[in-house]
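fold the stuff below for me.
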Amino acid sequence: MVAVAWKHKNVYLEIGGVSPKYMAKQGSGWEPLLTYATVLQDQILFATDSIVPHGRVVKEVYGLPIKDEIKEKLLYKNALRILGWPKG
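The predicted model follows:
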């Protein structure tokens, strides 16, 4: 999916299916996303249907080895941009 998103700017990735603390573990399969997070920073979204408390998930996102600016885009700025918020 990383390669598809890299090639097609209208493809978005979301990380709702995993606790972020596991993404940075070697052998998790998430290494390509973290490696190319800078290139894909405008195409990564956060969502969750997890029973893990949202505060914990956000804290884990801030623990990922990516730039803080990318974390903010992932958590909310990309969604705001896509939805056209704020209006006006």
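
excluding chain neighbours, what is closest to Ala5?
With C-beta to C-beta, 6 or more residues apart in numbering as the criterion, Ala5 has its nearest non-adjacent residue at 4.4 Å, and that residue is Val11. Where you see a C-beta, it was placed from the backbone N, CA and C, and this is true even at glycine.

check Glu69 too.
On the basis of C-beta to C-beta, 6+ apart, the spatially nearest residue to Glu69 that is not a chain neighbour turns out to be Gln41, at 7.5 Å.

that neighbour and Leu75 touch, don't they?
No - contact between Gln41 and Leu75 fails when scored by C-beta atoms under 8 Å: they sit 11.8 Å apart.

give me the low-pLDDT residue ranges for the protein?
Regions of the chain meeting the criterion pLDDT under 70 cover residues 50, 88.

show me what contacts the nearest residue to Ile66 once chain neighbours are set aside?
Nearest non-adjacent residue to Ile66, counting by C-beta to C-beta, 6+ apart: Ala37, 4.5 Å away. Ala37 sits next to Ile44, Ile66, Lys67, Ile70 when contact means C-beta atoms under 8 Å, 6 or more residues apart in numbering.

would you map the helices across this structure?
Counting by DSSP state H, the chain has helices at residues 2-7, 20-23, 31-35, 54-62, 68-72, 78-83.

for Trp6, see how far away the residue nearest to Glu69 is.
According to C-beta to C-beta, to the nearest Å, Gln41 and Trp6 sit 12 Å apart.

the two - which one has more neighbours?
Shown here are Gln41 and Trp6; by other C-beta atoms under 10 Å, Gln41 has more neighbours (18 against 14).

quick one, what contacts the more buried one?
Glu69, Ile70, Lys73, Leu74.

of those, which is the most crowded?
Neighbour counts for the contacts of Gln41 were taken using other C-beta under 10 Å; the highest belongs to Leu74, which has 25 neighbours.

wait, that one sits on Ala47?
No - with contact defined as C-beta under 8 Å, Leu74 does not count as touching Ala47 (10.3 Å).
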